[in-house]
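>>> Can you look at this prediction? I've put the sequence above it.
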Amino acid sequence: MPLTINLKPHERLIVNGVVLQNNTHAAKLLVHNEAALLREKDIITEEGANTPARRIYYAIQCRYLFPEKADVYVPIVHEFLEEFGRAAPSTGELVQDVRSQVDGGHYYQALKTAKQLITREGEILNGSSTSDL
């Protein structure tokens with residue numbers, strides 16, 4: 001069953017490292033095979049990776065989109081997760097989930113769980129939820 005992606009006008013999408021941008025009208029895309037996909041709303045830029053949890057997300061995102069650089073990004077992900085887990089022990093289960101997903105090659109799922117780390121980080125630091133990417 002194909003994956004359906006609805007794009008708003010001018011919305012961007014990364015497919016296997018290639019940035020695509022929709023034109024002036026809404027579009028519906030069907031993806032019939034496996035690909036590394038990220039919608040614009042789910043992308044963190046290097047400049048946007050300005051907290052520990054966002055750096056974790058960014059490193060996973062880079063590994064997901066650029067699999068040929070796994071030897072660079074996977075150790076960074078592990079290092080960031082270790083540091084985050086030590087600094088915020090209450091996130092231990094989430095950190096372990098992300099680690100297991102990365103180690104199992106489930107990078108898209110790891111990104112989804114890393115979003116939960118971003119939310120939890122915001123709650124710890126601000127007493128509120130900040131899941132904006």
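Everything's here; your move. Residues are numbered from 1 along each chain as shown.
>>> ok, Ala88 touching Arg120?
Yes - counting by CB atoms under 8 Å, Ala88 does reach Arg120; the two are 7.5 Å apart. Where C-beta positions appear, they are placed from N, C-alpha and C, glycine not excepted.
>>> For this protein, which segments count as strands?
All strands of the chain, identified by DSSP state E, fall at 3-7, 12-15, 18-21, 27-31, 37-39.
>>> Same list, the ones you listed, but as TSV with distance to Gln61, mean pLDDT and mean neighbour count please.
TSV is the format used below for the strands of the chain (distance: least, CB to CB, whole Å; pLDDT from 0 to 100; neighbours: other CB atoms under 10 Å):
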stretch	distance to Gln61	mean pLDDT	mean neighbour count
strand 3-7	17	93	13
strand 12-15	9	93	17
strand 18-21	13	92	11
strand 27-31	18	93	12
strand 37-39	7	94	17
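>>> So which of the ones you listed is nearest Ile76?
strand 37-39 (18.2 Å; CB to CB).
>>> Pick out the residue nearest the middle of this structure.
Averaging the C-alpha coordinates of the chain gives a centre point, and the residue nearest to it by CA atoms, centre = their mean is Leu111 (3.4 Å).
>>> OK, contacts around that residue?
Residues near Leu111 by CB atoms under 8 Å, 6 or more residues apart in numbering: Leu38, Asp42, Tyr57, Ile60, Gln61, Tyr64.
>>> Leaving out chain neighbours, which residue sits closest to the last one?
The reference is to Tyr64. Spatial nearest neighbour of Tyr64, chain neighbours left out: Tyr107 (3.8 Å); criterion: CB to CB, 6 or more residues apart in numbering.
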